[in-house]
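Q: whatever this is, show me its structure:
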Amino acid sequence: MVTMKNFIQNLPKAELHLHIEGTLEPELMFLLAKKNGITIPYNSVEDVKKAYSFDSLQSFLDIYYAGASVLVDSDDFYELTMAYLRKCHDQNILHVEIFFDPQTHTSRGVAFGDVVEGIIEALGDAQKKYGISSFLIMSFLRHLSQDDAIATLKESLPYKYFIKGVGLDSSEFGNPPSKFQKVFQMAKNAGYECVAHAGEEGDASYIKEALDLLHVARIDHGVRCEEDKELIQRLKKEQIPLTVCPLSNLKLKVMQDMKEHNIKRLLEYGLMVTVNSDDPAYFGGYLNENFEAIATSLKMSKEQIKTLARNSFKASFLSEEEKICYIDRFL
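A: Reported below is the predicted structural model:
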């Protein structure tokens with residue numbers, strides 16, 4: 001009999017909600033800090049891990065941005081990205097759509113090109129070595145101004161060939177999607193796909209704003225959609241993907257217990273739900289660990305887990321032909 005753990009391991013999967021800065025493991029953080037002469041407020045790997053006890057999204061972001069300070073040149077972004085892609089290879093992840101936060105780095109004087117070039121070199125090497133396909137999504141930091149986002153969008157245009165779309169992340173409270181309506185319209189006019197974090201801290205209205213004002217193709221998180229029955233029906237009818245991150249939701253106290261998570265209900269409603277790891281170095285698990293957590297806590301069937309894996313390809317920005325190839329061949 002195949003155990004659930006082995007079943008999940010053997011399933012081909014895509015990951016659509018992953019912040020590359022959130023894959024910075026403590027060991028690599030220390031190596032890069034030493035290499036670049038950066039002082040970090042921790043004395044050991046163990047100290048860093050102890051700090052990974054969050055009571056809110058903001059308490060996590062404070063540590064997240066401190067950790068990102070050790071990323072200085074293109075080699076650092078290459079090493080960071082390759083470490084994640086090796087994990088993908090180990091976990092049978094065949095396609096990834098990776099977020100990066102350029103404003104986190106350009107605000108420290110790191111060149112936009114150094115960030116992108118390091119990441120895309122790693123993505124190219126992983127395609128050759130492991131056969132992992134990938135897209136890159138540039139996220140705007142919602143706690144900064146729309147003008148700052150517009151400047152970042154303009155800075156991205158010379159690298160547009162390498163960037164599939166734009167997203168919206170960082171602290172939701174007080175920063176609704178409507179704050180960024182203009183820059184998302186500019187991004188769409190430039191040919192970018194659009195996604196946005198909504199309905200994690202923010203209520204269901206943030207999801208509706210992301211759909212109606214930013215015209216996003218999918219919602220990152222979206223777990224608070226249950227607050228609005230009409231929204232649930234809309235998400236079902238239009239099959240708008242939700243890129244749910246169970247361990248993240250638990251770690252950031254969106255849910256108090258994994259047994260309370262609503263991902264199984266959302267799937268049973270007929271929504272296009274996917275499983276993702278968000279910031280796995282900080283939240284205690286990569287993609288397979290997220291699948292294992294919900295399978296165990298919610299007593300999900302292998303068929304439900306298989307549906308979630310299938311959805312990860314359906315909800316991607318791959319072409320219809322590529323989606324069919326993955327789904328027909330592997331699932």
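
Q: going forward, measure contacts and count neighbours with C-alpha atoms only.
A: Will do.

Q: mind listing the helices in the stretch 201-331 of the chain by residue range?
A: For the stretch 201-331 of the chain, the helices defined by DSSP state H, counting those that start in this stretch cover 204-212, 229-238, 246-251, 263-269, 280-283, 287-297, 302-314, 320-330.

Q: out of these, the one nearest Glu15 is which?
A: Among the helices of the stretch 201-331 of the chain, helix 302-314 comes nearest to Glu15, with 6.6 Å by C-alpha to C-alpha.

Q: can you give me the strands in the stretch 1-150 of the chain?
A: Along the stretch 1-150 of the chain, counting by DSSP state E, counting those that start in this stretch, strands occupy 13-19, 93-100, 133-141.

Q: can I get the ones you listed in TSV with mean neighbour count?
A: Converted to TSV, the strands of the stretch 1-150 of the chain look like this (neighbours: other C-alpha atoms under 10 Å):
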stretch	mean neighbour count
strand 13-19	26
strand 93-100	24
strand 133-141	23
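
Q: tell me which of the ones you listed approaches Leu28 most closely.
A: Here strand 13-19 is closest among the strands of the stretch 1-150 of the chain (C-alpha to C-alpha), at 15.9 Å.

Q: mind putting the helices of the stretch 201-331 of the chain into a markdown table with distance to Val96?
A: Listed next are the helices of the stretch 201-331 of the chain as a markdown table, based on distance: least, C-alpha to C-alpha, whole Å:
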| stretch | distance to Val96 |
| --- | --- |
| helix 204-212 | 23 |
| helix 229-238 | 23 |
| helix 246-251 | 18 |
| helix 263-269 | 21 |
| helix 280-283 | 14 |
| helix 287-297 | 11 |
| helix 302-314 | 10 |
| helix 320-330 | 13 |
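
Q: could you dump the ones you listed to JSON lines with mean pLDDT and mean neighbour count?
A: Shown next, in JSON lines, are the helices of the stretch 201-331 of the chain (pLDDT from 0 to 100; neighbours: other C-alpha atoms under 10 Å):
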{"stretch": "helix 204-212", "mean pLDDT": "98", "mean neighbour count": "21"}
{"stretch": "helix 229-238", "mean pLDDT": "98", "mean neighbour count": "14"}
{"stretch": "helix 246-251", "mean pLDDT": "96", "mean neighbour count": "24"}
{"stretch": "helix 263-269", "mean pLDDT": "98", "mean neighbour count": "16"}
{"stretch": "helix 280-283", "mean pLDDT": "94", "mean neighbour count": "24"}
{"stretch": "helix 287-297", "mean pLDDT": "98", "mean neighbour count": "20"}
{"stretch": "helix 302-314", "mean pLDDT": "97", "mean neighbour count": "20"}
{"stretch": "helix 320-330", "mean pLDDT": "88", "mean neighbour count": "14"}
